[in-house]
Structure formats: structure tokens, C-alpha cells
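>>> No letters, just coordinates:
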């Protein structure tokens with residue numbers, strides 16, 4: 001059954017707000033400029049970053065700058081280079097190196113999505129063999145996950161290999177409209193407005209035949225989920241591969257900033273979900289702390305314990 005993320009969280013967010021102390025809602029000695037590496041314009045990462053920025057602003061602080069990037073891999077690089085204090089990153093990308101970063105929380109789930117034209121040659125995932133495929137933006141988590149999916153299906157190398165390119169979202173949308181690619185991968189929340197606005201009708205492929213192999217090679221990272229019916233005009237839900245998103249920080253992020261972020265994630269959970277978003281949302285107390293294999297920022301961990309024991 002389709003359920004909006006925002007509606008799911010309204011009650012829980014209101015209850016959690018009553019438990020937060022006023023002292024915990026202020027950034028105190030926070031830096032005047034905190035940069036958060038997000039993603040492409042039009043994607044869920046930037047939407048989430050903007051909502052988080054606004055929520056922090058409502059506490060009386062003005063510290064968050066949303067930085068647009070190619071996605072998870074680029075975000076990790078910015079974090080390591082000290083060019084960002086925060087980064088939102090897919091769990092599979094984060095798990096490639098668990099060092100030199102900490103988590104504030106697991107914030108929501110991405111859906112790996114592969115779109116094809118209804119009037120095109122691809123009717124199922126096996127038809128991607130030899131076809132022109134955009135796996136996502138350069139340095140994006142989508143490109144990392146999509147390549148792993150293609151590899152697990154025997155479609156990355158050899159005689160059956162797809163012809164892979166890395167296109168930014170706006171380029172990918174233009175390419176599938178112009179029929180210069182046969183499929184485009186994207187990873188994010190639901191729905192993707194740019195696809196809904198396409199003049200060409202598209203179908204969403206079921207990629208879950210790759211899930212068993214992915215789980216064997218990367219245990220605990222990928223999960224079976226589904227894109228709700230009618231999200232992109234389908235009469236039935238489409239099985240999908242889910243990947244969690246982590247809000248990461250450098251280990252030297254000031255304690256008061258980490259505490260304030262935890263408070264906002266809990267108190268303003270419903271306001272951190274873009275309007276119209278569907279599917280599973282992880283902004284709940286039990287899920288926020290599950291960031292394996294990335295350790296929580298010590299101050300964030302202490303704040304969760306203060307609030308929930």
C-alpha cells in the first residue's frame with residue numbers, strides 16, 4: 001500500500017519533540033558556516049539538505065550551506081578533503097572505507113531505479129545486454145550500485161556487456177527522451193519528478209534478480225523493497241533494491257553541532273521529508289542509530305541515549 005513519508009512521520013515527530021530540551025536545540029558555539037555535500041539539483045539529496053538547512057535555521061542558527069555534487073562518492077571525497085563538514089552518502093559507498101568519518105544517523109532509504117522507454121527495446125533486465133546504459137552521474141553512489149548490479153548479472157564485461165556511460169541527471173533525462181540511451185539508472189527517493197515530467201513514457205525495470213549476488217558479496221547493505229504502484233504509472237508495485245542513506249560527518253565535528261543535528265532529525269522528522277515523497281522513511285529513533293559499519297559521532301550517540309535510553 002502506498003503511504004506518504006510525511007504522513008507516516010507526523011505523529012512520531014510530534015511525540016519526540018516533547019522530549020527535547022531547549023538547550024539541545026541550539027548550535028551554541030557552532031561554526032558560522034557548515035557545509036553539507038549533497039547531490040544533483042532535482043535529486044533527493046539536495047531536497048533533504050535544503051530541508052535540513054531550513055530546520056536548523058528555525059532553531060535560530062544559520063550555519064548550513066548546501067553543496068551540490070555528483071553524489072555519494074564525490075561527497076566522501078569532499079568530506080575527506082575537509083571541504084565539507086557533513087555529507088549524505090549511500091551505505092554501500094560509505095562501507096568501502098569506514099575510516100576517518102562518523103555518522104550522525106541513518107536518515108532514509110534510496111531506491112535504485114532503472115528507467116527504459118515503453119516503446120524501446122528493453123522489456124526486462126536481461127535485455128540490457130549490449131544496450132546503451134547510463135549508470136548515473138560521475139562520482140555518484142548510483143553509478144557504484146548500478147555497476148555492481150550489472151556486474152552481478154554478467155552485463156558489465158564480456159560479450160553481453162552493456163555500453164555504459166555516466167550522465168548527470170539532466171543529461172540522462174535528455175538522452176532517454178532523444179533515444180540516444182536505452183536505459184538510465186538513478187538512485188534516490190520516490191518519485192523522481194524529472195522522470196514524471198518526461199514527454200516519453202517510461203517503464204521501471206525490476207532489478208532484484210541481482211539481489212542474491214549483491215547480498216553475498218556485500219552483506220547487510222542491500223535490501224528488497226518495492227516502488228509503490230502508480231508511482232510512475234504502473235498498476236502494480238515494482239520490486240526494487242533499497243540502499244540506506246547515512247548522514248556522515250568528520251570525526252572533529254564539534255559536539256554541540258552533532259547534538260543539534262540529532263535533535264533536528266528527531267524533532268523535525270516530518271518536515272525533513274520532501275512533499276509527495278513515497279515509500280519507507282528511516283527518520284525514526286530505532287533506525288537512526290543503525291549506521292553499521294560506520295560508528296556514530298560520540299556526541300550524537302550520547303544524545304540518542306539521553307533521549308531514548
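Cool, the structure landed. The model shown is predicted, which means the values in this text are computed figures rather than measured ones.

>>> alpha carbons only for contacts and neighbour counts from here, please
OK.

>>> tell me which element residue 115 falls in.
Using DSSP states H and E, residue 115 falls within strand 102-117.

>>> for that strand, packing partners?
Counting contacts by 3 or more CA pairs under 8 Å, 6 or more residues apart in numbering; DSSP states H and E, strand 102-117 packs against helix 141-152, strand 183-188, strand 202-204, strand 238-249, helix 255-267, helix 285-288.

>>> From the contact counts, what lies against the longest one?
When you say that, I think you mean helix 255-267. For helix 255-267, the packing partners by 3+ CA pairs under 8 Å, 6+ apart are helix 5-17, helix 44-57, strand 102-117, helix 298-308.

>>> Tell me if I am right that residue 181 is in a strand.
No: per DSSP: H, G, I helix; E, B strand; the rest coil, residue 181 lies outside any strand segment and is coil.

>>> residue contacts, it?
Residue 181 makes contact with 131-134, 172, 175, according to CA atoms under 8 Å, 6 or more residues apart in numbering.

>>> Go again with 10 Å.
Shown in contact with residue 181 (CA atoms under 10 Å, 6 or more residues apart in numbering): 116-117, 120, 131-134, 163-165, 172-175.

>>> Find the nearest non-adjacent residue to it, please.
Once flanking residues are discounted, residue 181 sits nearest to residue 132: 4.9 Å by CA to CA, 6 or more residues apart in numbering.

>>> right, and the helices and strands packed on helix 255-267 - which one's nearest residue 275?
helix 5-17 (7.1 Å; CA to CA).

>>> How confident was the prediction at residue 274?
Note on residue 274: pLDDT of 82.

>>> does it count as helix, strand or coil?
With three-state DSSP as the criterion, residue 274 reads coil.

>>> And for it, nearest residue in space, chain neighbours not counted?
residue 47 (6.6 Å).

>>> Touching, the one you found and residue 88? I think so.
No: between residue 47 and residue 88 there is no contact under CA atoms under 10 Å: 11.5 Å.

>>> Which other helices and strands does the strand or helix carrying residue 212 contact?
Assigning secondary structure by DSSP H and E places residue 212 in helix 211-217. Judged by 3 or more CA pairs under 10 Å, 6 or more residues apart in numbering; DSSP states H and E, helix 211-217 is in contact with helix 141-152, strand 222-227, strand 238-249.

>>> before we move on, back to that, okay, and which of the contacts of residue 181 map to helices?
Of the contacts of residue 181, the ones assigned to helices by DSSP state H are 172-175.

>>> circling back: list the buried residues for the helix holding residue 212?
For helix 211-217, a neighbour-count test (16 or more other CA atoms under 10 Å) marks 211, 213-214 as buried.

>>> how close does the residue of the chain most remote from its centre get to residue 129?
Note on the chain: the largest C-alpha distance from the chain mean falls to residue 159, namely 32.4 Å (CA atoms, centre = their mean). From residue 159 across to residue 129, the span is 8 Å (CA to CA, to the nearest Å).

>>> Mean neighbour count and mean pLDDT added to the helices and strands packed on helix 255-267, as TSV?
Output for the helices and strands packed on helix 255-267, formatted as TSV (neighbours: other CA atoms under 10 Å; pLDDT from 0 to 100):
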stretch	mean neighbour count	mean pLDDT
helix 5-17	17	44
helix 44-57	21	92
strand 102-117	25	95
helix 298-308	16	93
